[in-house]
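Q: the sequence and its predicted three-dimensional model are supplied below.
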Amino acid sequence: MAKNPLVIIPTYNEIENIDKMVRTVFALPRAIDLLVVDDNSPDGTAQCVERLMTEYNSDSGNIQRLNILKRKGKNGLGTAYIAGFHWALEQGYEYICEMDCDFSHPVDQLPNLIAKCEAGADVCVGSRYVGGVVNVVNWPMGRVLMSYYASKYVQFITGLKIADTTAGFVCYKREVLENINIDKIKFRGYAFQIEMKFRSKKKGYSIVEHPIIFTDRTAGTSKMSTKIFREALFGVIELKLKSIFGQI
C-alpha cells in the first residue's frame, strides 16, 4: 500500500498555532501525513504535538500519521528541513512537502501542490508572484516590494525561471531529494529555499508554480532577521559562482 504524501513543518515556539495546524492538515479531504521538526521550543510546542499523537495515531493498526522529530536546539530552518527530508526518505515517502506553521501558507492548497507533482512535475512551488500578480495579505507595502524584487534579483543572478524563488511552500518528488545532495546545502534561511530550487534545476528537474495567497502570521513571532536577509542577498552570488566552477 502506497504511503500518503508527507508535509514537514519546522517549529520553534509555535504553541499558539500548532494544535490548529495539525487539526487543519488532518481535516483536508486528501489524507496527508505530518512531521513536525521541533527545535526544543521552550513554550511546549513539542509536548502539544505528543498529546495530539495519541489522538491521531493508532498503535493497533500501526498507523502513524502524526510524527515528531525533536532536536536539541535552534539550528535554523534549513537544517530542520534537511533533518526532516532524511526522515521522510528513510520512511519511504514519495511526495514530500514543506510548509510554515503560522498559516501564512494556505493549507487547503497542499493537495494541489501534490497533484501537480503526481501529474509530472518534479517540484511544485506555492507561488505568491506567479503571473506577475502579488498575492500577499497583511504585509506592509515596503516588505511586499522588498520580497518581490528580491525574487527578481535571484532570477537575474541565478537564471532561475521561477517567480517566487524564496517560497517555502513546496512539494518535492522523492527522487529530487535523493539526488540534489541535500547534505551539501549550507544556507539556513531564505537562501536555503533558493538553493533547493537552484540545485533541483541544475540536476534537470522540472519546477512548476501554483498560485497561492500568502497571509502574514496573526499568532506567534516571526523568525525573519537581517542576518537571514543578508544570507539570501549574498548567498545567491555564491551559488552562481559555485555553479560556474562545477561545485553544484
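A: In hand now; what should we look at?
Q: can you tell me what sits against stretch 125-135?
A: Residues outside stretch 125-135 that contact it (Cβ atoms under 8 Å, 6 or more residues apart in numbering): 105-106, 109, 113, 136, 144, 147-148, 151, 162-164, 167, 169-170, 197, 207-214. Placement of C-beta: from N, CA and C, glycine included.
Q: next, name the residue at the spatial heart of this protein.
A: residue 98 (2.9 Å; Cα atoms, centre = their mean).
Q: for that residue, list each beta-bridge partner.
A: residue 8, residue 170 (DSSP bridges).
Q: relative to residue 111, how far out is it?
A: The gap separating residue 98 from residue 111 is 15 Å, by Cβ to Cβ, to the nearest Å.
Q: repeat that for residue 6.
A: Distance from residue 6 to residue 111, counting by Cβ to Cβ: 13 Å.
Q: shared neighbours, these two?
A: In contact with both residue 6 and residue 111: residue 32, using Cβ under 8 Å, 6+ apart.
Q: ok, back up a step: among the contacts of stretch 125-135, which ones are in helices?
A: Mapping these onto helices (DSSP state H) picks out 113, 144, 147, 148, 151, 197.
Q: spatially, which two of the residues you listed are the most separated?
A: The largest separation in the ones in helices among the contacts of stretch 125-135, counting by Cβ to Cβ, is between 113 and 144 at 22.5 Å.
Q: between the two, point out the one with more neighbours.
A: residue 113 (29 against 17; other Cβ atoms under 10 Å).
Q: from memory that one sits against residue 208, does it?
A: No. Counting by Cβ atoms under 8 Å, residue 113 sits too far from residue 208 to count as a contact (9.4 Å).
Q: need the residues touching each of these two.
A: Contacts common to residue 113 and residue 208, judged by Cβ under 8 Å, 6+ apart, are 124, 125.
Q: just the helices in the chain please.
A: Under DSSP H, the chain gives helices at 18-26, 45-56, 77-91, 110-118, 141-158, 174-179, 190-202, 226-244.
Q: got JSON lines for the ones you listed, with distance to residue 67 and mean pLDDT too?
A: Shown next, in JSON lines, are the helices of the chain (distance: least, Cβ to Cβ, whole Å; pLDDT from 0 to 100):
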{"stretch": "helix 18-26", "distance to residue 67": "11", "mean pLDDT": "98"}
{"stretch": "helix 45-56", "distance to residue 67": "8", "mean pLDDT": "96"}
{"stretch": "helix 77-91", "distance to residue 67": "8", "mean pLDDT": "96"}
{"stretch": "helix 110-118", "distance to residue 67": "16", "mean pLDDT": "98"}
{"stretch": "helix 141-158", "distance to residue 67": "31", "mean pLDDT": "76"}
{"stretch": "helix 174-179", "distance to residue 67": "17", "mean pLDDT": "98"}
{"stretch": "helix 190-202", "distance to residue 67": "21", "mean pLDDT": "92"}
{"stretch": "helix 226-244", "distance to residue 67": "27", "mean pLDDT": "70"}
